[in-house]
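Asker: The sequence and its predicted three-dimensional model are supplied below.
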Amino acid sequence: MTTYQSLLKKEKTLAVIGLGYVGLPIALEFARYFRVIGFDLNADRVAMMRRGEDPSREMGPEAFKDRDILFTNQSEDLAKAHFFVVSVPTDIDEHKVPNLSPLKHASFNIGGILKKGDYVVFESTVYPGCTEEDCLPILEERSGLKMGEDFKLGYSPERISPGDKTMPLTQIIKIVSGCDAESLEEIAKVYGHIITAGIYKASSIKVAEAAKVIENTQRDLNISLMNELAIIFDRMGIDTQEVIKAAGTKWNFLKFYPGLVGGHCIGVDPYYLLHKSVELGYEPQVILSGRRVNDGMPAWVAKKLVQLLIKKDKSPQLAKVLILGITFKENVADIRNSKVATLARELQDFSINVHVLDPKASPNEVAHEYKLTLSDKMSEDYDAVVVAVAHDEYRTYDSAFFKSIMGKNPILVDLKALYEDLDEEIEYWRL
């Protein structure tokens, strides 16, 4: 009997290691059909999931109903599993160097319980070669087993888009790869049981790793081009949004927009490719340039706001500015790698009194991660308002609202280009 058949008959168990934005949805989807162990190191998060609560606030309690899943933070529980899916975070450190610690820790733990016939599939975003060069040696050394002979290895990159309810996990084509033909077929069958959009079988683990990392690198570069154009057009006195609208009438023009590029994917993944490329003796020019442009946007926006304050005879040292939104994208609670937080610090460096509000974000997480205090309510005497994230709550705001929370000579900085036809009394600027 194959591993897939044993999982389907619940004679074997599937484990998902890492239950964040990626791991939890796929664990719950697998648990519709298989017996699943959901493992996370964070005991508080595990307690919430046992109560049917999503710590990331992406799914409601109905997503937990009728699921054959055991949530645990006890690594010994993983010994019961035979098919391991690793979806731990892969971020970068303060020097923009890939942080593989969670991935290596997960590999070490799995290696200690790995059995003959087991499968290990990594989903975390990495550079090409990481699965076989960094994770595999740990698995083999810790277990005393050999890949191919004793256990199988695979890679299937995550493609979840937090906050996007139009593209659920099951409706996104899944790339799968394996260490040999047999593992590729088995891994494809396991994922194919829950993915309705279809399975793409990559020719190798490295190809699958590379496919994932360039998906976000491509988006990063496209956005960096629009950010650079926004800087140029601002000097020319041209509205970038109007330019994009006009250019968009051509059938093959790609409508990317300028903005702050944060989050745990687009703002991080290119550094994984950069790291491996430099290690191999080639320093990428285009990718590195795009990263510099995007990483520099918070400072440029802050400088632009200071110029607007001075234009309206407002002293930056005496100014009070409200920033609406700190999550990395609209309608999510995720604050990881938030460039809005960077913008807030840039403004504070000009001695501006900055208030930050966000109905989605956790005040405790913001305080812990960025040493920023989320305000619990708006004031009525702001000198300027920065709309940084396109939460649904902000889309209904109009001129009357903004004038009600600002004093004389109001300034509105609209980083998401949400508003049109505002009162001329409001000094309006957008990316």
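Answerer: Yes, it's here.
Asker: Run through the residues that contact the residue nearest the centre of the chain.
Answerer: In the chain, the centroid-proximal residue (C-alpha atoms, centre = their mean) is residue 264; its distance is 3.4 Å. Applying C-beta atoms under 8 Å, 6 or more residues apart in numbering, we find residue 264 in contact with 21, 89, 91, 328, 334, 336, 337. C-betas here are computed from N, CA, C, even on glycine.
Asker: Then residue 107?
Answerer: Residue 107 neighbours (C-beta under 8 Å, 6+ apart): 86, 134, 135, 138, 139, 142.
Asker: Just to be sure, it is in a helix?
Answerer: Yes - using DSSP: H, G, I helix; E, B strand; the rest coil, the assignment for residue 107 is a helix.
Asker: Show me where the stretch 151-300 of the chain has its helices.
Answerer: Along the stretch 151-300 of the chain, counting by DSSP state H, counting those that start in this stretch, helices occupy 181-192, 205-236, 240-247, 269-279, 286-295, 297-311.
Asker: ok, of the ones you listed, where does mean pLDDT dip lowest?
Answerer: When the helices of the stretch 151-300 of the chain are ranked by mean pLDDT, helix 269-279 comes last with a mean of 92.
Asker: quick one: contacts of that one?
Answerer: Residues contacting helix 269-279 (C-beta under 8 Å, 6+ apart): 90, 92, 96-98, 125-130, 212-217, 220, 283-284, 287-288, 290-291.
Asker: quick revisit: indicate which one of the helices of the stretch 151-300 of the chain is closest to residue 423.
Answerer: helix 297-311 (16.2 Å; C-beta to C-beta).
Asker: Toward the C-terminus, what is the element adjacent to that closest one?
Answerer: Next in sequence after helix 297-311, counting helices and strands by DSSP states H and E, comes strand 320-324.
Asker: what pairs with that next one, and is each one parallel or antiparallel?
Answerer: strand 353-357 (parallel), strand 382-387 (parallel) (DSSP bridges).
Asker: Indicate each strand paired with the top strand by length along the chain and its parallel or antiparallel sense.
Answerer: As far as residue count goes, and with DSSP state E defining each element, the longest strand of the chain is strand 406-414. The pairing partners recorded for strand 406-414 under DSSP bridges are strand 382-387 (parallel), strand 427-430 (parallel).
Asker: Now do the contacts for the spatially closest residue to residue 204 that is not a sequence neighbour.
Answerer: In space, and not counting its chain neighbours, residue 204 is closest to residue 177: 6.1 Å by C-beta to C-beta, 6 or more residues apart in numbering. When contacts are counted by C-beta under 8 Å, 6+ apart, residue 177 touches 154, 155, 156, 184, 187, 201, 202, 203, 204, 205, 207, 208.
Asker: any idea which of the strands paired with strand 320-324 is most buried?
Answerer: Per residue and on average, the most neighbours among the strands paired with strand 320-324 fall to strand 382-387, with a mean of 24 (mean count of other C-beta atoms under 10 Å).
Asker: List of residues touching that one?
Answerer: 301, 305, 308-309, 312, 314, 319-325, 343, 355, 394, 397, 402, 405-407, 409-416, 418-419.
Asker: Which neighbouring elements make contact with the helix or strand just after it?
Answerer: Going down the chain from strand 382-387, the next helix or strand is helix 392-395, by DSSP H and E. In terms of contacts (3 or more C-beta pairs under 8 Å, 6 or more residues apart in numbering; DSSP states H and E), helix 392-395 is not packed against any helix or strand.
Asker: Only C-alpha atoms, please: export helix 392-395 in PDB.
Answerer: Extracted in PDB, the C-alpha atoms of helix 392-395 (Å, rounded to 0.1, in the frame of the first residue of the first chain):
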ATOM      1  CA  ASP A 392     -12.100  48.500   3.900                       C
ATOM      2  CA  GLU A 393     -12.800  50.800   6.800                       C
ATOM      3  CA  TYR A 394     -10.800  53.600   5.200                       C
ATOM      4  CA  ARG A 395     -12.400  53.400   1.800                       C
END
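Asker: now that helix, how far from the centre of its chain.
Answerer: Chain-centre distance of helix 392-395: 21 Å, with C-alpha atoms, centre = their mean, to the nearest Å.
Asker: before we move on, what about stretch 40-57?
Answerer: Centroid displacement of stretch 40-57 relative to its chain, using C-alpha atoms, centre = their mean, is 19 Å.
Asker: cool, and stretch 207-217?
Answerer: 15 Å.
Asker: domains in the chain, as residue ranges please.
Answerer: Per automatic domain parsing, the structural domains of the chain span 3-203, 237-430.
Asker: Now the closest residue in space to residue 268 that isn't next to it in sequence. Its backbone dihedrals?
Answerer: With sequence-adjacent residues excluded and distances taken as C-beta to C-beta, 6+ apart, residue 268 is closest to residue 92, at 5.5 Å. When read as degrees, to the nearest 10, the backbone of residue 92 gives phi -130, psi 160.
Asker: Check the burial of residue 92 by counting its neighbours.
Answerer: Residue neighbour count, defined by other C-beta atoms under 10 Å, stands at 19 for residue 92.
Asker: that older thread, tabulate the strands paired with strand 320-324 in a markdown table, adding columns for mean pLDDT and distance to residue 52.
Answerer: Formatted as a markdown table, the strands paired with strand 320-324 follow (pLDDT from 0 to 100; distance: least, C-beta to C-beta, whole Å):
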| stretch | mean pLDDT | distance to residue 52 |
| --- | --- | --- |
| strand 353-357 | 97 | 29 |
| strand 382-387 | 98 | 34 |
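Asker: Make a markdown table out of these and add distance to residue 232.
Answerer: Converted to a markdown table, these look like this (distance: least, C-beta to C-beta, whole Å):
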| stretch | distance to residue 232 |
| --- | --- |
| strand 353-357 | 28 |
| strand 382-387 | 22 |
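Asker: closest to residue 68 out of those?
Answerer: Of those, nearest to residue 68 by C-beta to C-beta is strand 353-357, at 40.8 Å.
Asker: what's the distance between the closest one and the middle of its chain?
Answerer: 24 Å.
Asker: What lies in contact with the helix or strand just after that strand?
Answerer: As assigned by DSSP H and E, the chain's next helix or strand after strand 353-357 is helix 363-370. Helix 363-370 is contacted by residues 326, 335-336, 338, 341, 344-345, 356, 358, 372-374, 376 when judged by C-beta under 8 Å, 6+ apart.
Asker: what do you get if the cut-off is 6 Å, keeping everything else the same?
Answerer: 335, 341, 372, 374 (C-beta atoms under 6 Å, 6 or more residues apart in numbering).
Asker: Quick check: pLDDT value at the residue sitting furthest away from the middle of the chain.
Answerer: Centroid-distance maximum for the chain: residue 313 at 39.3 Å, with C-alpha atoms, centre = their mean. On the pLDDT scale, residue 313 is placed at 95.
Asker: any idea how far residue 192 is from it?
Answerer: 64 Å (C-beta to C-beta, to the nearest Å).
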